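A.B. asks: Next input, structure requested:
(2 chains)
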There are 2 protein chains.
Amino acid sequence: MTEAPKPPTKGSGRIVLSIDAMGGDLGPSVVVAGMARSAKINPALHFILHGPQDTLEKLVAKRKPLAGRVAFRDATDVVKMDDKPSQVMRSGKGTSMWSALESVREGEATVAVSCGNTGALMALSMIRLRKLPGVARPAIAVLWPSRNPQGFNIMLDVGADIRADASDLVQYALMGVSYARNGMGLKRPRIGLLNVGTEEHKGRAELKTAHEMIAALADRSQFDFVGFVEGSDIPGDNVDVVVTDGFTGNVALKTGEGTASLIGELLREAFRYTPLSRLASLLALTSLRRLRQRIDPRRVNGGVFLGLNGTVVKSHGAADATGISAAIKLAFELAQSGFSERLAARVALAAQTADEAVSDADQQQQQDKDQEANKA
Amino acid sequence: MTEAPKPPTKGSGRIVLSIDAMGGDLGPSVVVAGMARSAKINPALHFILHGPQDTLEKLVAKRKPLAGRVAFRDATDVVKMDDKPSQVMRSGKGTSMWSALESVREGEATVAVSCGNTGALMALSMIRLRKLPGVARPAIAVLWPSRNPQGFNIMLDVGADIRADASDLVQYALMGVSYARNGMGLKRPRIGLLNVGTEEHKGRAELKTAHEMIAALADRSQFDFVGFVEGSDIPGDNVDVVVTDGFTGNVALKTGEGTASLIGELLREAFRYTPLSRLASLLALTSLRRLRQRIDPRRVNGGVFLGLNGTVVKSHGAADATGISAAIKLAFELAQSGFSERLAARVALAAQTADEAVSDADQQQQQDKDQEANKA
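C.D. replies: Numbering: from 1, shown residues only, chains lettered A, B, ... in the order given. A predicted model of the protein is given here:
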């Protein structure tokens, strides 16, 4: 074990990230390549790197920008993509993923980055970092290419938990506000609740309750609530944060990815069709490249786990060096803004305000609670 | 009221469709234009047209291909896009939508087509046509551009009902099989159940139960069950029919549409960027047009209401003549294949088989429990 870089002191500008080198589809060399790419353009970045130390030291030695900026934690086990979360929770102690979370837990690093198995990473994060006081279900938030000036919208939950009741959705809204403010610099983010129509009478019961509760929090928590939004609004410019349960969010995310990938294929096909269209595609190369960059999933690489004591960025399993570098950039920005602390403060404040909102929104429910309390 | 064209006699090849002229965003003239377009290329088509008769007669008189092929039913009221379904059910008797369904109910026409308010159309269809015996919840099925040879996959339910329990999902699967066979000519359609992962232990409880029940029906009902699929598989080539609840299906549909429309915008933007790219876009015009046709929502216009005594095709509210014509083509194909009767037969047969499957599954569960009890 080598010496860890010093933890960040306030105002030093130095940020230490904890990187899981293993578990991605392309192996540790692309992870190290991504680190080097980020380190080159950002002198504040330092890393703690987790995995088989011998291998990693060799990979890091080849990259000049990383010289003197990486500490190693030897971990020989790897969480595989098809490992069950329950199994990893029981016997994952020797894995690079466990080790990467440990550095955040111990305060050596501010944010952990991993491109391993999502379910296992969430399960380990829950038991090692633990949920923030007042959070019932953590969430995974992703960035979604959109028509907004910032280029992206935030959507959560995209799959941390397949269920969410009204109060979970309220928490997701508040965590989304925090993310939009610290990750995107939006002072007063606009929050929408995903539904099958925008009319207030529509949708499932928990959505109607959440609608009332979120509306009641908007002023005090300094966000705008645009009410119900639909699937077509996820890439739109009328909302910054889209709140939904993890089942719906996961389906929407994968549907969007699948649609984009089909269109990309058909576009390539269309341009291969005739000699003239092949010529056109050469001329259009930069245009098409510009488009691809705009919607490239690698550029928005990184689901963020929210609602834990510490921040975890989940990079795509198939991420290449560009993707890893994007995830590191996101982790850096969140670390630098003091995101974890701000989110915790917001949730703590909101837990209290949310109770009031419930009573504002639903007297009957509050009375029921009081009655139960009297019984107890 | 004019004479109705004769109802189709078997083998005559003559098909009568019931068309709601009103309620679409663009008014009755595009509906009549779409009818004319279809009538020109399909001599078997005849229509009963519902709406303000004076106006409609004038519009039809201008279109040669429609001469002698349209009967009129005067209906002066219109269901508006923001009318509540409950209100239309109470007081919608004088509307063109009600009238259009009545022609199917009375057997004058085989399939009804409307581009009006979806919620109202489903509500009226439920009370006027009534559900098929054995169907608890009707569903809306749409075609989705895909990598399959047939160019499209079927997804249902996309919003008839926001809830679906395991047995509803089983019925959707069977109705989807019928649609794929009669609407697409697929002899042995592949059915997938939408979930957040493909592993059998994942997802909500009703999905696991539905998984078992659908698997048990596959052989007898002559389809292949590919198990759980994800959002990214909806446009894929590993499945022909994607089964889900109306909430998830509606969000997925609108997310796909929103993603496609964002990419289209960005593509146009990319090509406007420089003089060179504008030149390229001219050369690429046919390629881009080919792509647009492939994924043009107007070409797949028409959600089909399944599980009723009679078939209803819901065209997009903003459909133009091309869109209306596509919906009419779909209605014609379903009418010609005797879809309503085949679907009814399949559901009747399946109700029985499903009962057996459920009791099989129950037995299996009981056996599992017994075994566990024995172990304990």
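A.B. asks: measure residue A:45 to residue A:328 for me?
C.D. replies: Computed as C-beta to C-beta, to the nearest Å, the residue A:45 to residue A:328 distance reads 7 Å. Using the backbone N, CA and C atoms, a C-beta is placed for each residue, glycine as well.
A.B. asks: Please say which of these two ends up with more neighbours.
C.D. replies: Set residue A:45 next to residue A:328 and count neighbours by other C-beta atoms under 10 Å in any protein chain shown: residue A:328 wins out with 27 against 24.
A.B. asks: Quick check, that one in contact with residue A:46.
C.D. replies: No. Assessed by C-beta atoms under 8 Å, residue A:328 is found out of contact with residue A:46, at 11.3 Å.
A.B. asks: joint contacts of these two?
C.D. replies: Common neighbours of residue A:328 and residue A:46, counting by C-beta atoms under 8 Å, 6 or more residues apart in numbering or on different chains, are residue A:17.
A.B. asks: list residues touching both of residue A:45 and residue A:328?
C.D. replies: By C-beta under 8 Å, 6+ apart, the residues touching both residue A:45 and residue A:328 are A:17, A:38.
A.B. asks: Now the element after the host helix or strand of residue A:30, going C-ward?
C.D. replies: Counting by DSSP states H and E, the element that carries residue A:30 is helix A:28-41. Per DSSP H and E, the first helix or strand lying C-terminal to helix A:28-41 is strand A:45-51.
A.B. asks: Flag every buried residue along the very next helix or strand once past that following strand.
C.D. replies: As assigned by DSSP H and E, the chain's next helix or strand after strand A:45-51 is helix A:53-61. Buried residues in helix A:53-61, counted by 16 or more other C-beta atoms under 10 Å in any protein chain shown: A:53, A:55, A:56, A:59, A:60.
A.B. asks: ok, the fourth one - contacts?
C.D. replies: Meaning residue A:59. Counting by C-beta under 8 Å, 6+ apart, residue A:59 makes contact with A:28, A:29, A:32.
A.B. asks: Chain neighbours aside, what residue packs nearest to the last one?
C.D. replies: To tie it back to what came earlier, the one meant is residue A:32. In space, and not counting its chain neighbours, residue A:32 is closest to residue A:59: 4.3 Å by C-beta to C-beta, 6 or more residues apart in numbering or on different chains.
A.B. asks: How about stretch A:207-219 and chain B, any contact?
C.D. replies: No. Figure legend: stretch A:207-219 not in contact with chain B (C-beta under 8 Å from any C-beta of the partner chain); closest approach 9.3 Å.
A.B. asks: Next, the buried residues of that stretch.
C.D. replies: A:207, A:208, A:209, A:210, A:211, A:212, A:213, A:214, A:215, A:216, A:217, A:218.
A.B. asks: of those, closest to chain B?
C.D. replies: Among the buried residues of stretch A:207-219, residue A:207 lies closest to chain B (C-beta to the nearest C-beta), at 9.3 Å.
A.B. asks: Am I right that the closest one sits in a strand?
C.D. replies: No. Residue A:207 is assigned helix when assessed by DSSP: H, G, I helix; E, B strand; the rest coil, not a strand.
A.B. asks: I'd assumed residue A:169 was in contact with it.
C.D. replies: Yes. Taking contacts as C-beta under 8 Å, residue A:207 lies within contact range of residue A:169: 7.5 Å.
A.B. asks: joint contacts of these two?
C.D. replies: Taking C-beta under 8 Å, 6+ apart as the criterion, residue A:207 and residue A:169 both touch residue A:193.
A.B. asks: got a list of what residue A:241 touches?
C.D. replies: Residues counted as contacts of residue A:241 (C-beta under 8 Å, 6+ apart) are A:153-156, A:173, A:176-177, A:179-180, A:189-192.
A.B. asks: From these, which land in strands?
C.D. replies: Per DSSP state E, strands hold the following members of the contacts of residue A:241: A:153, A:154, A:155, A:156, A:190, A:191, A:192.
A.B. asks: just these now: which is nearest chain B?
C.D. replies: For the ones in strands among the contacts of residue A:241, the nearest to chain B is residue A:155 (9.8 Å; C-beta to the nearest C-beta).
A.B. asks: shouldn't the closest one be in contact with residue A:145?
C.D. replies: No. Assessed by C-beta under 8 Å, residue A:155 is found out of contact with residue A:145, at 11.2 Å.
A.B. asks: Counting neighbours, go ahead and name the busier of those two.
C.D. replies: The neighbour count for residue A:155 versus residue A:145, taken as other C-beta under 10 Å, is higher for residue A:155 (31 against 22).
A.B. asks: bridging residues for that one?
C.D. replies: Listed by DSSP bridges, the beta-bridge partners for residue A:155 are residue A:142, residue A:242.
A.B. asks: Domain map for chain A?
C.D. replies: Segmentation of chain A into domains, based on automatic domain parsing, reads A:1-129, A:135-300+A:339-367.
A.B. asks: if I look at the closest residue to residue A:29 other than its chain neighbours, how far off is residue A:89?
C.D. replies: In space, and not counting its chain neighbours, residue A:29 is closest to residue A:59: 5.6 Å by C-beta to C-beta, 6+ apart. Residue A:59 is 29 Å from residue A:89, where distance means C-beta to C-beta.
A.B. asks: Which single residue of the stretch 251-376 of chain A ends up nearest chain B?
C.D. replies: Taking C-beta to the nearest C-beta, the stretch 251-376 of chain A has residue A:254 as its residue nearest chain B, at 3.0 Å.
A.B. asks: Next, the angle helix A:53-61 makes with the helix holding residue A:30.
C.D. replies: Angle of helix A:28-41 versus helix A:53-61, following axes from the mean of the first three to the mean of the last three C-alpha atoms, to 10 degrees, is 40 degrees.
A.B. asks: any idea of the mean pLDDT in helix A:28-41?
C.D. replies: Averaging pLDDT along helix A:28-41 yields 96.
A.B. asks: buried set for that helix?
C.D. replies: Under the neighbour-count criterion of 16+ other C-beta under 10 Å, helix A:28-41 has A:28, A:30, A:31, A:32, A:33, A:34, A:35, A:36, A:37, A:38, A:39 buried.
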